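Participant: Sequence plus predicted model, see below.
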Amino acid sequence: RGRLPNYAFPEEGVKLTSLLSRRNESSSVEDNIFSIEYMRSASSALSEFALGQTFYANGRQVQISRLDMSSEDLTRWRFCPTCSHVENTTVTDDLEACPRCGDDMWSDVGSIHDVVELKSVLAISSEEKASIRDTDQRSQVQFDRTMVPHYEDEDISAAWISGDENVSAPFGYELINRCTFRDFNFGKRADGPVGPRIAGISRSSNPFRICKHCGTHQSSFLPADEVGEHPPSCSVIKNGETDQDEWLSESFLMRSFETEAIRVIIPVIGEVNYDEIKSFVAAVNLGMRKYFAGKVDHIRSAVVESQINGLSTVRSLFLYDAVPGGSGYLRQLADNPSAMKAVVQNAFQALDQCPCAQEDKTGCYRCVKSYRSQFGPGEPDRDLGRAMMERVLDQWDTLSRSTSALDTELSNSLIRSELEALFISSLSKLEGWSLTPQVVGDGTRGFVLSTDTGRMWAIEPQVQIKNRFKNMPTKVVDFLLTPVDVSFSKPIIIET
């Protein structure tokens, strides 16, 4: 007799303790304190229970004001400014450059940030203030979050990649038996880039300001000569610590879990097109629902951009199981290429036959515009998703099992052809000229070329020229050369 696993609450929960004071009828002093506890899954709590968030339940509204923590819960992590690689500094901190992409800014002190793993929080209020009135309007704070996977080559049990030499963007996927996901909340989302540069993006948020002893949330407008808010038991109050440098921490919140995952290479190159990314993700999620004949809510997805050998930019869709350790769903797909092909075929057919095509719409809730696809940048498009599924199916006959990890197979994906490689090699061999790998343009890994005349050029590979210049077609060129001093020349486009 079989038993079905319980997927209702598969991951570890986070506790909110709401402390409410109630005024005695015989006294004007609020001294009757009682508590109410709430639990949420860690994935939900990272936003619902984040500092500064307002939580609504049982006719009350309370604001999360403190992490239930001590200074021992505060860890220091190093974040790569260019790729998605992160490491706990207490585990290893002796590398001069990022071990994933080679960025030498990895060793800069600005790449180190405090992190607290979210486990338990507190909200403190009076019962009178917490009561929801008919005139109250609910509001939710939006946060800047990113999912970061970590695994070793030995954790990969199966990998498949296409061998079609006629395509510029290859397709492939691999099964990761044991993948550690770290979900970071970088702080309250702002209107523009105001935070540190992480994973190639200047974060649209500022870190949470907390006391590292008691976890109390501190105002961003706290004057430098004030001690802020703390409970009486905090050492800041007990020991009279007035120097903010001794107790104030700018921290990220994090949850982590280990499970199985499938990494799917998104077949795009050049600068990011969020409509393409979102359409591909929505199409794959649609194909998963069709293949498994129902909801697969425990299968989640995350898009991760990484760089290989310091140059090759690869965008991947990680399908991961919310059930710790995995439920076996993803293994069914990765071990059998015909099963994964069926997912893609189901997605293509559903997009091709969706009734919204006759309604002059770019998509609907039945295809690419489900609830999941509403979040993040970009707009999913039915026709774009269908074209990307068709592109994958066109490569399927050349798909073969790889004996190495996909990153090894894709290590030369940026400089794709022999002519492109020859062009870069030739520049570096010219007498008096030098070619240095650096972050150029909008954060892309490329080169800086110094000529014998002293003039310098930034070289960017795989550039979508429509995004750079007015009245240009949608086209990805092999290289864009931009003079550092724009007064002596105009940009040059190279097609090999």
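Facilitator: Nice, I can see it.

Participant: Tell me where the stretch 101-250 of the chain has helices.
Facilitator: 127-130, 235-238, 244-247 (DSSP state H, counting those that start in this stretch).

Participant: List of residues touching the second one?
Facilitator: Contacting residues not belonging to helix 235-238 are listed as 211, 213-214, 227-228, 230-232, 241, 247 [CB atoms under 8 Å, 6 or more residues apart in numbering]. Just so you know, the C-beta spots here come from the backbone N, C-alpha and C atoms, and that holds for glycine as well.

Participant: So which bits of it are buried?
Facilitator: Residues of helix 235-238 classed as buried by neighbour count (16 or more other CB atoms under 10 Å): 235-236.

Participant: Tell me the gap between that helix and the middle of its chain.
Facilitator: 37 Å (CA atoms, centre = their mean, to the nearest Å).

Participant: count of residues packed around Q462?
Facilitator: Q462 has 23 neighbouring residues, counting by other CB atoms under 10 Å.

Participant: Report the next helix or strand after the strand or helix carrying it in sequence order.
Facilitator: When elements are assigned from DSSP states H and E, Q462 belongs to strand 456-464. Remark: after strand 456-464, the chain's next helix or strand is strand 476-483, criterion DSSP H and E.

Participant: quick one: strands adjacent to that next one?
Facilitator: strand 456-464 (antiparallel), strand 492-494 (antiparallel) (DSSP bridges).

Participant: would you turn the ones you listed into JSON lines with mean pLDDT and distance to S157?
Facilitator: Formatted as JSON lines, the strands paired with strand 476-483 follow (pLDDT from 0 to 100; distance: least, CB to CB, whole Å):
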{"stretch": "strand 456-464", "mean pLDDT": "84", "distance to S157": "31"}
{"stretch": "strand 492-494", "mean pLDDT": "90", "distance to S157": "41"}
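
Participant: For those, state which one has the densest average packing.
Facilitator: Among the strands paired with strand 476-483, strand 456-464 has the highest mean neighbour count (mean count of other CB atoms under 10 Å), at a mean of 21.

Participant: quick check, distance from it to the centre of its chain.
Facilitator: 25 Å.

Participant: returning to that earlier point: list just the one of the helices of the stretch 101-250 of the chain that sits closest to Q63.
Facilitator: helix 127-130 (9.3 Å; CB to CB).

Participant: Which neighbouring elements make contact with the closest one?
Facilitator: strand 13-22, strand 60-63 (3 or more CB pairs under 8 Å, 6 or more residues apart in numbering; DSSP states H and E).

Participant: Out of these, which is closest to D94?
Facilitator: Short answer: strand 13-22, nearest of the helices and strands packed on helix 127-130 by CB to CB, at 33.4 Å.

Participant: Each with direction, which strands does that closest one pair with?
Facilitator: As assigned by DSSP bridges, strand 13-22 forms pairs with strand 32-41 (antiparallel), strand 120-126 (parallel).

Participant: Nearest to W396, out of those?
Facilitator: strand 32-41 (36.3 Å).

Participant: Just the buried positions in the closest one, please.
Facilitator: Quick answer for strand 32-41 (16+ other CB under 10 Å): 38, 40-41.

Participant: I'd like the next helix or strand past that strand.
Facilitator: By DSSP H and E, the next helix or strand past strand 32-41 is helix 42-48.

Participant: which parts of that following helix are buried?
Facilitator: Across helix 42-48, burial judged by 16+ other CB under 10 Å covers 42-43, 45-48.

Participant: again with stretch 465-479
Facilitator: Buried, per 16+ other CB under 10 Å, within stretch 465-479: 465, 468, 476-479.

Participant: Just the C-alphas of it, formatted as CSV.
Facilitator: The C-alpha coordinates for stretch 465-479 follow below in CSV (Å, rounded to 0.1, in the frame of the first residue of the first chain):
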residue,chain,number,x,y,z
ILE,A,465,23.2,46.6,-31.4
LYS,A,466,19.5,47.6,-31.3
ASN,A,467,20.0,48.3,-27.6
ARG,A,468,23.0,50.5,-28.2
PHE,A,469,22.3,52.6,-31.2
LYS,A,470,19.2,54.3,-32.6
ASN,A,471,17.6,53.1,-35.8
MET,A,472,19.5,49.8,-35.8
PRO,A,473,18.1,46.4,-36.6
THR,A,474,17.6,43.6,-34.0
LYS,A,475,21.0,41.9,-34.5
VAL,A,476,23.7,40.4,-32.3
VAL,A,477,27.2,41.3,-33.7
ASP,A,478,30.4,39.4,-32.9
PHE,A,479,32.2,42.4,-31.4
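
Participant: For the stretch 201-350 of the chain, which segments count as strands?
Facilitator: 201-202, 208-211, 248-265, 299-308, 312-321 (DSSP state E, counting those that start in this stretch).

Participant: Out of those, the one nearest V86 is which?
Facilitator: Once the strands of the stretch 201-350 of the chain are compared by CB to CB, strand 248-265 is nearest, at 9.5 Å.

Participant: so where's the stretch 251-400 of the chain shaky on pLDDT?
Facilitator: For the stretch 251-400 of the chain, applying pLDDT under 70 flags the ranges 270-271, 307-313.

Participant: again, only this time at 90
Facilitator: The stretch 251-400 of the chain contains residues with pLDDT under 90 at 267-274, 292-315, 321-337, 357-360, 369-378, 398-400.

Participant: so how far does stretch 21-36 reach from one end to the other?
Facilitator: This stretch, stretch 21-36, spans 11 Å end to end (CA to CA, to the nearest Å).

Participant: Quick check: E12 touching A42?
Facilitator: Yes. If you go by CB atoms under 8 Å, E12 and A42 touch, sitting 5.6 Å apart.

Participant: which neighbours do these two share?
Facilitator: With CB under 8 Å, 6+ apart, E12 and A42 have common neighbours F257.

Participant: Tell me which residues touch the spatially most central residue of the chain, please.
Facilitator: With distances taken as CA atoms, centre = their mean, T146 lies nearest the centre of the chain, 3.0 Å away. For T146, the contacting residues are 84, 183-184, 186, 198-199, by CB under 8 Å, 6+ apart.

Participant: If it is in a bridge, with which residues?
Facilitator: F184.

Participant: ok, now the one 4 residues further on?
Facilitator: Taking DSSP bridges as the rule, H150 bridges to T180.
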